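In: can you look at this prediction? I've put the sequence above it.
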Amino acid sequence: MKIIFGLLFIICIEITGGEWLSAQDSIYFNMKTQARQHLDNRNYDSALTIYRDLLHRFPKEPEYQYGAAVSLTMLNRDPEEALTMLRSVNISGYNPLSWYYTGLLEHHNFLFDDAIKAYSKFTLVGKSADIKSLGITRLIEMAKNGLEFTHTAQSLKVIEAKPISPGQIEKVSEINGTGKLVRKPIEFCSKNDIREEYRPMMYLPIYTEMNDYVYVAGYDKQRKGIKQLYRVRNINHETWGIPEILDKVINTPYDEEYPYFDARNSTLYFSSKGHSSMGGYDIFKSVYDWNAKSWSKPENLGFPINTPYDDYFYIMDEFSLTASFVSNRQTGPGQAILYKIRQSRDTASVMLATIDEIQKASRLEDKVDRRPANPQVSGVSGMKTVVALAGSTEIMPVPTRNDYNKVLSEALSLQLRSDSLARIVRDKRVLARETQDDVTKKQQVSDIIRMDKESKKLQREADLKFEKARKLKEEEKMWTPPDNPMPSLTSVIEETPAVEITSATKKDEFAMLEKSPYGSSNPIPNGLETYSGLIYRIQLGAFSKPRPSEAFGGISPVSYEQMENSSVMKYYAGVFYSLNGVTSAISQVKKYGFPDAFIVAYLDGQLISTEKAREVEFAGMKF
């Protein structure tokens, strides 16, 4: 009987034990199924959690190692752990895609030689469809570019680094630039953009009259799924042209996005997966030649601004002293870091000998500018010196050259915008007098009132800025020791040397004579002579009838032109090669009895805005 009961007990244990084992298998099977679904749906956090639980029970299972490693790679976490698991999966032969992820992980961690080997192995063992869809050939090219660019690192300082989400990308223009990031207008979108619901952020200058074009990204009309760069012409500051694609010097067979055009230096900054990118989006720059109407070969901004991750939306500040850009290095999916940097004037690069040095430089962590906002020591360029008055405990900030330069530049910008509007108002007034249609005239009068109000507002703001600049200059002189004068940007009206146009500075053509050089035997010339390069003139006025030869007194030279399809004649004085020269002369003209005179500018004979002229003239100057 004992033997029988013993056998029955063993049988019962085997039966229940088998059921328990079957339940366990069912649990693991369900976990594996869920993990696969999360991985396929790119829910990498959820997939990783389950795969880690499975690996705790089955630590050598290739499928679980593969799933966990892929999740870690895509989450940009624990690269060493992920690489160890992927190498184990490679040996097992479980999935050829493990070679792709191995290469991707090594690529992102600056192990470019190893990445090239892993990508190359995948071309031998992977499916041809995967090799093509994943762009393995291009990834190998990028890794080779990475080898080239990471031998050295540029010298730069990180002023600010803040985490942002893609929805906060407009913050780029908040900390840099003189414009803002806006959603691409629907009018600029192609059918492909609308179909793909693609309306990217684009940089819009605050003062669009400064720019002949704005630059946007959009889907290529010919090639499906490829993003390219376009420009849209600013016709009259209110009407825009049709987006025109940039040529193949800029656009490649790969994606280009995030354009920013620095009008002062005619330089386009943009991000591309083509050209010499070392991985993802790299930031490039290309200079536009207005005479040849061509772009220079795009130049990679180099390491550590660019990395194998996505680096994009590079925007310069108003004085080209700092720049901001976005990167998803050291972040997870859907995250990025907004950097504000100051690049060293010393162009010498730092040599990098080891992978550790490269990885450390890429993090930009040890490059944060720790200088206090109000240092109490002198000798730091661009910072305020602090001086204690004799017999006083009060600390007084001393104005520096940069304070004066910044205010003076702002004043100039306001003045030129006011002058541009004043010119348009004057022309519209003359046209309004000749217009017979009441509806058209009403609209013209409305425009005149609005623009005249804005012009006067800008003039008041400019006057306040000029007054502030004069005070800063006086304070600067007061604090500067006589035997060690502080250099400063001298007054634009009185002292600033003209910008050199050629090897020998051209001489302005202007004089204030005792009496008019014009008369019946020497009438005021009809027509404006065309000059190459940039010149300025002073517009004395616009009139519906010819003015007497002596009407402008001793101002010389004077000439006029008749507006197309109109009897209106515009009279101009002088030819000037610098903003300094024309600004000095116009002050004399206004005192002479022409208070409404204003500045006009021409580039190669074509009328341009005075704001654009300022950009052209000062493109090579350092403020």
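Out: Received, thanks.
In: contacts and neighbour counts: CA atoms only from here.
Out: Will do.
In: mind giving me the domain split of this structure?
Out: In the domain annotation for the chain, the residue ranges read 17-149, 152-367, 375-489, 496-623 (automatic domain parsing).
In: comparing those domains by mean pLDDT, which bottoms out?
Out: Per-stretch mean pLDDT for the domains of the chain is lowest at domain 375-489 (a mean of 62).
In: reformat the domains of the chain as CSV; add mean neighbour count.
Out: Shown next, in CSV, are the domains of the chain (neighbours: other CA atoms under 10 Å):
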stretch, mean neighbour count
domain 17-149, 18
domain 152-367, 18
domain 375-489, 16
domain 496-623, 17
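In: ranges for the strands of the stretch 51-200 of the chain?
Out: Using DSSP state E, counting those that start in this stretch, the strands of the stretch 51-200 of the chain run over 152-153, 156-164, 179-183.
In: make JSON lines from these and add distance to residue 319 to it.
Out: Putting these into JSON lines (distance: least, CA to CA, whole Å) gives the following:
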{"stretch": "strand 152-153", "distance to residue 319": "24"}
{"stretch": "strand 156-164", "distance to residue 319": "16"}
{"stretch": "strand 179-183", "distance to residue 319": "13"}
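In: closest to residue 63 out of those?
Out: Closest approach to residue 63 among these (CA to CA): strand 156-164, 34.2 Å.
In: what packs against that closest one?
Out: Helices and strands touching strand 156-164, by 3 or more CA pairs under 8 Å, 6 or more residues apart in numbering; DSSP states H and E, are strand 336-343.
In: the strand it packs on: what's the following helix or strand?
Out: Remark: after strand 336-343, the chain's next helix or strand is strand 350-351, criterion DSSP states H and E.
In: next SSE after that following strand?
Out: Moving toward the C-terminus from strand 350-351, the next helix or strand (DSSP H and E) is helix 355-363.
In: residues in contact with that following helix?
Out: By CA atoms under 8 Å, 6 or more residues apart in numbering, the surrounding residues in contact with helix 355-363 are 109, 110, 111, 150, 153, 303, 304, 305, 307, 329, 330, 352.
In: torsion angles phi and psi at the fourth one?
Out: Note on residue 150: its backbone torsions stand at phi -100, psi 10 [degrees, to the nearest 10].
In: quick one, what contacts it?
Out: 303, 304, 352, 358.
In: need the residues you listed in a markdown table (columns: distance to residue 24).
Out: Output for those, formatted as a markdown table (distance: CA to CA, whole Å):
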| residue | distance to residue 24 |
| --- | --- |
| 303 | 52 |
| 304 | 51 |
| 352 | 53 |
| 358 | 47 |
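In: how close does the closest residue to residue 303 other than its chain neighbours get to residue 304?
Out: Residue nearest to residue 303 in three dimensions, not counting chain neighbours: residue 153, with 5.3 Å by CA to CA, 6 or more residues apart in numbering. Separation of residue 153 from residue 304 (CA to CA, to the nearest Å): 6 Å.
In: and if you look at residue 427?
Out: Taking CA to CA as the measure, residue 427 falls 52 Å from residue 304.
In: and what of residue 587?
Out: Residue 587 sits 49 Å away from residue 304, taking CA to CA as the criterion.
In: who touches residue 229 in this structure?
Out: With contact set as CA under 8 Å, 6+ apart, residue 229 has these partners: 215, 216, 217, 218, 245, 246, 250, 251, 256, 257, 259.
In: residue 440: which of the residues you listed is nearest?
Out: Taking CA to CA as the measure, residue 440 lies nearest residue 215 of these, at 33.2 Å.
In: give me the element that closest one is part of.
Out: For residue 215, the enclosing helix or strand under DSSP H and E is strand 213-219.
In: how far out from the middle of the chain is whichever helix or strand comes after that strand?
Out: Once the chain leaves strand 213-219, the next helix or strand it forms, by DSSP H and E, is strand 227-233. Strand 227-233 has its average C-alpha position 15 Å from the chain's average C-alpha position, going by CA atoms, centre = their mean, to the nearest Å.
In: what sits up against the helix or strand following strand 227-233?
Out: Proceeding C-terminally, strand 227-233 gives way to strand 244-245 as the next helix or strand, assigned by DSSP H and E. The contact list for strand 244-245, computed with CA under 8 Å, 6+ apart, reads 228, 229, 230, 231, 232.
In: isn't the fourth one right up against residue 246?
Out: Which is residue 231. Yes. Applying CA atoms under 8 Å as the test, residue 231 and residue 246 come out as touching, 6.9 Å apart.
In: anything in contact with each of the two?
Out: Joint contacts of residue 231 and residue 246 (CA under 8 Å, 6+ apart) do not exist.
In: how about the nearest residue to residue 568, chain neighbours excluded?
Out: residue 544 (4.4 Å).
In: state the phi and psi torsions of that neighbour.
Out: Per degrees, to the nearest 10, the backbone of residue 544 is at phi -80, psi -10.
In: can you check the one 5 residues further on too?
Out: With angles defined as degrees, to the nearest 10, residue 549 shows backbone torsions of phi -60, psi -30.
In: about what we covered before: what bridges to the residue nearest to residue 303?
Out: residue 350 (DSSP bridges).
In: is it in contact with residue 343, as I believe?
Out: No. Counting by CA under 8 Å, residue 153 sits too far from residue 343 to count as a contact (11.5 Å).
In: show me what the lengthiest helix in the chain is packed against.
Out: Using DSSP state H, we find that the single longest helix of the chain is helix 438-479. Packed against helix 438-479 by the contact rule (3+ CA pairs under 8 Å, 6+ apart) you find strand 395-398, helix 401-434.
In: what sits against the spatially closest residue to residue 254 that is not a sequence neighbour?
Out: Closest residue to residue 254 apart from its sequence neighbours, by CA to CA, 6+ apart: residue 274 at 5.2 Å. By CA under 8 Å, 6+ apart, the contact set of residue 274 is 252, 253, 254, 255, 256.
In: how about residue 533?
Out: Contacts of residue 533 (CA under 8 Å, 6+ apart): 602, 603, 604, 605.
In: next one: phi and psi at it?
Out: phi 80, psi -160.
In: how near is the residue nearest to residue 254 to residue 282?
Out: Taken as CA to CA, the span from residue 274 to residue 282 is 8 Å.
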